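Enquirer: 3D model of this:
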Amino acid sequence: MDEEIHKDKELYYLYGIVNKPIHGELGSFGINNGVVFAYTYKEISVIFQKDLPMSTGKSIHLERGIEHLYVLQKCMEHFGCVFPFPAEMFIVKETIPSLVEHKYDDVCAWFQEYDRMQQYNVQIIYDAENAEKKKRKMGIKSYTFAQKEKRLEKQEIIEMYQAQIKEELRQITAKIRIMPMEKSLADTQTILDLSCALNKDKEDAFKNMLQEINKIKYLTVKITGPLPLYGFTGK
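Expert: Reported below is the predicted structural model:
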């Protein structure tokens, strides 16, 4: 949005939408400790902040992105699932009612699908160089992988891991979004980069499964979350 065009208009900074009617002031936990507000339309509410200038400069933009995420996580703690807006999304004050009304049907359908879910980002890293440093405590599945490793070339090993892990994740998570991967075969390589939409009651099974994967020779697991469902808004 062009700040010059709207310099005489009051701009609101948008965070996201929650599936609860919570009209009014929510507290001073916004960017720069600003007050966060909610505007309700029927049973959904858009979360926003007043009197916040547009950011300038890369470092300021990065800082604001971190604070933006903090606000969304606070909303998740208090109100449950949040439909997140990207950082630096401003709207003219007068257009908030029409925005919420316009998005109402789509957002309600989204909440019907994703309510009680949150996002975890998972990276599976193939690390041949440090493989021997890993503990060799293996379960049945890990043993199967180890036997395969003796017979397969590196590319075949990676493809096997990718297929197996994706299948196991699909059995636990509601939805998976798979990021495109590099095609090189370096000794250290990210072989799976995933965003997972996970029901809260599946968290323990999800984390236990990732711990088992992390025990496998050659593989390291990195996990980030819980996060707002950025990867599943259809944007």
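Enquirer: check the gap between K74 and E159 for me.
Expert: The gap separating K74 from E159 is 41 Å, by Cβ to Cβ, to the nearest Å. (C-beta placed from N, C-alpha, C; glycine too.)
Enquirer: neighbour count for these two, which is higher?
Expert: Shown here are K74 and E159; by other Cβ atoms under 10 Å, K74 has more neighbours (18 against 13).
Enquirer: I figured that one hits F29, correct?
Expert: Yes - the pair K74 / F29 is scored as a contact, 5.4 Å apart, by Cβ atoms under 8 Å.
Enquirer: helices of this protein, start to end?
Expert: 58-79, 96-114, 140-149, 154-172, 203-214 (DSSP state H).
Enquirer: in JSON lines: these, plus mean pLDDT.
Expert: JSON lines is the format used below for those (pLDDT from 0 to 100):
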{"stretch": "helix 58-79", "mean pLDDT": "87"}
{"stretch": "helix 96-114", "mean pLDDT": "92"}
{"stretch": "helix 140-149", "mean pLDDT": "56"}
{"stretch": "helix 154-172", "mean pLDDT": "77"}
{"stretch": "helix 203-214", "mean pLDDT": "89"}
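Enquirer: just send these back as CSV, with distance to M89 too.
Expert: Shown next, in CSV, are the helices of the chain (distance: least, Cβ to Cβ, whole Å):
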stretch, distance to M89
helix 58-79, 9
helix 96-114, 10
helix 140-149, 43
helix 154-172, 31
helix 203-214, 29
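Enquirer: residues touching the closest residue to E101 other than its chain neighbours, list them.
Expert: With sequence-adjacent residues excluded and distances taken as Cβ to Cβ, 6 or more residues apart in numbering, E101 is closest to Y41, at 5.9 Å. By Cβ atoms under 8 Å, 6 or more residues apart in numbering, the contact list for Y41 reads 97, 100-101, 104.
Enquirer: try K166
Expert: By Cβ under 8 Å, 6+ apart, the neighbours of K166 are 176, 178, 192, 194.
Enquirer: check those residues and tell me the two furthest apart.
Expert: The span of the contacts of K166, defined through Cβ to Cβ, is set by I176 and L192 at 9.8 Å.
Enquirer: who's more crowded, these two?
Expert: It is L192, of I176 and L192, that has more neighbours when counted by other Cβ under 10 Å, with 22 against 18.
Enquirer: what's the distance between the more buried one and K50?
Expert: 42 Å.
Enquirer: then I96?
Expert: Noted for I96: a distance of 11 Å to K50, by Cβ to Cβ.
Enquirer: tell me, what's touching these two both at once?
Expert: In contact with both I96 and K50: Y12, using Cβ under 8 Å, 6+ apart.
Enquirer: more neighbours, those two?
Expert: Set I96 next to K50 and count neighbours by other Cβ under 10 Å: I96 wins out with 17 against 14.
Enquirer: tell me, how many residues neighbour the nearest residue to the more buried one once chain neighbours are set aside?
Expert: Nearest non-adjacent residue to I96, counting by Cβ to Cβ, 6+ apart: Y39, 5.3 Å away. Residues near Y39, counting by other Cβ under 10 Å, number 19.
Enquirer: OK, contacts around Y39?
Expert: So Y39 contacts 23, 45-46, 48, 96-97, 100 (Cβ under 8 Å, 6+ apart).
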